[in-house]
Each structure stands twice: as C-alpha cells, then as structure tokens.
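# Following is a predicted model, sequence given first.
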Amino acid sequence: MADKGILPDRMIAELAKAGGIVPARAFASDQIQPASLDLRLGSVAYRVRASFLPGHTTVAARIEQLKLHEISLTAGAVLETNCVYIVPLLESLALPADLAAAANPKSSTGRLDVFTRVITDNSRGFDRIEAGYRGPLYAEISPKTFPVLVREGSRLSQLRLRRGHAALDAAALGDLHRRERLVDADDADFDGGISVGVDLLGLPTPPAGEGRGGGLVGYRANRHTAVVDVERRGYEVADFWEPIYARADGTLILDPDEFYILASKEAVQVPPDYAAEMVPFDPLVGEFRVHYAGFFDPGFGYAGAGGTGSRAVLEVRSREVPFIIEHGQIVGRLVYEKMLARPETLYGTGIGSNYQAQGLKLSKHFRA
C-alpha cells in the first residue's frame, strides 16, 4: 500500500510537471511552499447574490444563475465588505485517483478577516477536494471587516495535497510531543489534536506612554476604514486597529460581529517531517470562531528553522451573542499529519516566511 501523508514542495512540483496541477500561466518562483501551493486569482470576479455549493452541477452554471455583475481584476479592483464574490483561479487540477486536496486561506488573508473558501464542480463541501478531481478551482471571497484591493495573480488561498489519512491519533501525537515538545505546556491535551489556549495576560508591560494597567493582548479591528491593498505593505496600525490590554482578571468579552487578533498562550512548533492544521471552530468551547487560516507548514516555530517556538495567532470572531473568554482557555486544536517526505525548504528558511518566531502579530500589511 502506498505511503500516506502530505505532499512536500518537491512532490508538488513533480505533480505539476506530470499534469496533475494545470496552471494557466507559469508558477511564480515562490508559489510552492514547504507543504502547500499558493493559489492565484484569475482575471475576473463575479459578484453573486449568495454563497453556494454546486452539488450536482458546475460552479460556472451556478454563477450564471446567481451573478449580479462581473468585475475585471486585470488592473485591480476593490472587493467590498459583506459582499460575496466568486473568482476562477489560475490553477486547475487533474489529480490521480489516490490524491485528494484541502484548501485554506493564507495567514495574511485570515488576519485581514477576508473569508475565502475554495469550491469545485459538483462539490458538496467547501475547501475539500476529492481524490481524483479533474476540473477548475474557484475562490469564494467575502471581506468581512476591511474592503480589499485585489488583482489577477493575488494569492488569498493555499492548497495542501495528501495521500490517504495521515493525521496522528492521540497516542502518536503524545509520543511526538514527548520527543519534540510541540507546545511549551506540561498539561497538553492530545484528544482530537493538541490543545491551544488563548493568552490574555500579554506583554509584561504596556508600550511606553499608553497609561494602561496591563500588557498588550490583542487588537480589535476598526470599522469604516480605508481599503487594504493585499499587495501593499506599511499601513499604519492605528488607522485599522484598536489595541486591547489585559484586564486584572485575565478575561475578555468578545462582542458580536467584531473581529479580534489574539495569540496563543503556548508557543508551538511543527517538526520538519510533519504539517499541522488548526481546527477552525469547536462548538464545545464557545460561540466563536478561531483561526480562519489554519495551515502550519513544516518548520513553523522549529528551532532548526529559526523559530524556537512561535505563538499561533488567533483570528477570532464571536457569533450571535457576547462571549467571555479567560486566559488559558482552550480555543482550538492543532491536528498534526505526517509528510510523505521532508520538504527541501522549511518554513522560515529563505522563502520569505513572515510569521516565523512570531508573538502577537498583525498581517504583513501593517507596520511592526
């Protein structure tokens, strides 16, 4: 029986060369990541009346039924908040029968609160692509907080390819933790993935001149901001974000329909022969969603790749009711999977990894 696991960079390139991934134009030099492939927007976006799954038909047919208008992305266009857009991607697939795929927003996409999912023809679920799928890929995009400027070639999503089921069960995860210390916690829970708590104590002291009683624990997004160009850097933090400081009791009330950037209490790491994914929402821990962008590449936080443990940044949105969270409360779980082979390049080693050795960190678009 063939080995099970996630395809590393070298095997992704080989799959593309063999015709399993079909790009409309040549890959960019940094498009293949250690355990994933960045997906690029095509030349047109369709504003549609509602999100959908195609079921027994094609995405193109559903677009024809639901589209309000077309927008050219060739020179760039603004996608407005709380609107739904469908964009054909520059990559399509012709997967062999033993390979399936999963998609997720890129880290920078999630930290901008841009809700994006990948859909395929005849699919019954988002972000999951069945083994042997042959056909086009589409991104559903809905900015929730900031209007965003995108263009043809912009990368909002990433694709991870896998053979078989390679997730570690609780026993295997515990063994790996004892060898590699996946999180800096002595009481880690491994059932359904390794537990991750939220940090609500923050930095030891607030920034100079702030006059606050506690450390910085996160940011809440401002409303009615300017546009964020997804290709631009250097935006002023204060124009888009309000800092949040620790309370004496170590709690935070999440207001409905507000977007927060927080950090995990634990520093985490992903060893070179593994990849990880944050489970985005667990109804057992509360009425809120954590971490739109869930992929963690091999080498994330790993000492050999310059990490020495990195905090998981948590993109948090409450649902219908205010919800109070406490310091250390479990807000998500990291599921680890085996790689089919070690990547040639690890996260944090020469591939422009923006979030290695991170603490609490906004997306790369904002000044540090």
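It's in.

# ok, now which ones touch the closest residue to Ala246 other than its chain neighbours?
Nearest non-adjacent residue to Ala246, counting by CB to CB, 6 or more residues apart in numbering: Gly214, 2.9 Å away. (Glycine included, C-beta is placed from N, CA and C.) Contacts here follow CB atoms under 8 Å, 6 or more residues apart in numbering; on that basis Gly214 touches Leu201, Gly202, Pro206, Tyr245, Ala246, Arg247, Ala248.

# you'd agree the first one is in a helix?
Which is Leu201. No - counting by DSSP: H, G, I helix; E, B strand; the rest coil, Leu201 is not found in a helix; it is coil.

# pretty sure it contacts Arg247?
No - checked against CB atoms under 8 Å, the pair Leu201 and Arg247 is beyond contact range at 9.6 Å.

# Which secondary structure state is assigned to Arg179?
Under three-state DSSP, Arg179 falls in the helix class.

# So which bits of stretch 228-235 are buried?
Across stretch 228-235, burial judged by 16 or more other CB atoms under 10 Å covers Val228, Asp229, Val230, Tyr235.

# Which ones among the contacts of Gly214 lie within strands?
With DSSP state E as the criterion, strands contain Tyr245 from among the contacts of Gly214.

# Pick the one among the contacts of Gly214 closest to Ala16.
Using CB to CB, Gly202 comes nearest to Ala16 of the contacts of Gly214, at 43.1 Å.

# Local confidence estimate at the closest one?
pLDDT, Gly202: 85.

# And for the residue lying closest to it once chain neighbours are set aside, the neighbour number?
Excluding its sequence neighbours, the residue lying closest to Gly202 (CB to CB, 6+ apart) is Gly215, at 3.2 Å. Burial of Gly215 is recorded as 18 neighbouring residues (other CB atoms under 10 Å).

# sorry, back to before: could the contacts of Gly214 go into TSV alongside neighbour count and distance to Ala188?
Listed next are those as TSV, based on neighbours: other CB atoms under 10 Å; distance: CB to CB, whole Å:
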residue	neighbour count	distance to Ala188
Leu201	14	19
Gly202	22	22
Pro206	17	30
Tyr245	17	28
Ala246	22	23
Arg247	15	26
Ala248	7	27
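
# And the contacts of Gly214, which is closest to Asp38?
Gly202 (31.9 Å).

# dump the residue contacts of that closest one.
Gly214, Gly215, Leu216, Val217, Gly218, Tyr245, Ala246, Leu360.

# so the fifth one bridges to which residues?
Partner residues in beta bridges with Gly218: Ile244, with DSSP bridges as the criterion.

# Could you report the distance from it to Pro136?
Distance, Gly218 to Pro136, using CB to CB, to the nearest Å: 38 Å.

# Who has more neighbours out of those two?
Gly218 (24 against 19).

# That one contacts Arg247, doesn't it?
No - counting by CB under 8 Å, Gly218 does not reach Arg247; the two are 11.8 Å apart.

# The stretch 1-150 of the chain: helices as residue ranges?
Secondary structure of the stretch 1-150 of the chain (DSSP state H, counting those that start in this stretch): helices at 9-17, 59-66, 107-111.

# domains in this structure, as residue ranges please.
Per automatic domain parsing, the domain ranges recorded for the chain read 5-163, 170-338.

# how long is the shortest one end to end?
Looking back up the chat, that one is domain 5-163. 5 Å (CA to CA, to the nearest Å).

# going forward can the numbers begin at 32, since that is how I track them
Sure, I'll start counting at 32 from here, so that last one is domain 36-194.

# Of the contacts of Gly233, which is the nearest to Asp129?
Relative to Asp129, and with distances defined as CB to CB, the nearest of these is Leu391, at 40.7 Å.

# quick one: which helix or strand includes the closest one?
Assigned by DSSP states H and E, Leu391 belongs to no helix or strand.

# what residues are up against Asp129?
Applying CB under 8 Å, 6+ apart to Asp129 gives the contacts Ala33, Ala162, Gly163, Arg194, Gly195.

# and it, how far is that from Arg56?
Taking CB to CB, one finds Asp129 at 28 Å from Arg56.

# Do you have the helices of the stretch 182-331 of the chain handy? List them.
Under DSSP H, counting those that start in this stretch, the stretch 182-331 of the chain gives helices at 201-211.

# Poorly predicted segments of it, please.
Counting by pLDDT under 70, the stretch 182-331 of the chain has low-confidence residues at 234-244, 311-318, 322-324.

# try 90 this time
Low-confidence segments of the stretch 182-331 of the chain (pLDDT under 90): 209, 211-212, 214-223, 225-228, 233-246, 288, 295, 297-298, 309-326, 331.

# Ok, the stretch 32-181 of the chain next?
Looking at the stretch 32-181 of the chain by pLDDT under 90, you get 32-33, 86, 138, 155.

# again, only using 80
Residues of the stretch 32-181 of the chain that meet the criterion pLDDT under 80 lie in 32-33.

# what about the strands in it?
36-37, 52-54, 68-71, 75-79, 98-103, 108-110, 115-125, 131-136, 145-151, 159-160, 165-174, 179-181 (DSSP state E, counting those that start in this stretch).

# coming back round to it: select, out of the helices of the stretch 32-181 of the chain, the one closest to Thr151.
Nearest of these to Thr151, taken as CB to CB: helix 90-97 at 7.1 Å.
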